[in-house]
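In: I would like to see how this sequence folds:
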Amino acid sequence: MADAWVETDGALYRKFSFNDFAEAFAFMTRVAAIAEVQNHHPDWSNSWNTVEISLRSHDKGAITQRDHQLAKAIDEILI
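Out: Okay, the predicted model is just below:
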């Protein structure tokens, strides 16, 4: 897991900043595709060039390996 992810309020959290809305939206589209493949979906928000993501396994009420796997896959988008 990348250092940029932090555990807060029982979830993994990371804030991403991009050059503009188009880049932020493209990133969200890629994350959405990965989330569908993994059948594990983030809680997120977008405001112009910023995307905030929280990962938590709602069925377990905690952070699980699935959250760490999705965080890693999201990080790989940025490489």
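In: now do the SS call for the most centrally placed residue in the chain.
Out: Centroid-nearest residue in the chain: residue 53, 4.2 Å away (criterion: C-alpha atoms, centre = their mean). What DSSP: H, G, I helix; E, B strand; the rest coil gives for residue 53 is strand.
In: so how far is residue 41 from it?
Out: Distance of residue 53 to residue 41, computed by C-beta to C-beta, to the nearest Å: 11 Å. The C-beta positions use only the backbone N, C-alpha and C, and glycine is treated the same way.
In: what's the pLDDT at residue 79?
Out: With respect to pLDDT, residue 79 scores 78.
In: strands of the chain, start to end?
Out: Taking DSSP state E, the strands of the chain run over residues 6-8, 11-17, 43-47, 50-55.
In: buried sites along the longest helix seen in the chain?
Out: As assigned by DSSP state H, the longest helix anywhere in the chain is helix 21-38. When burial is assessed from 16 or more other C-beta atoms under 10 Å, helix 21-38 yields the following buried residues: 24, 27, 28, 31, 34, 35.
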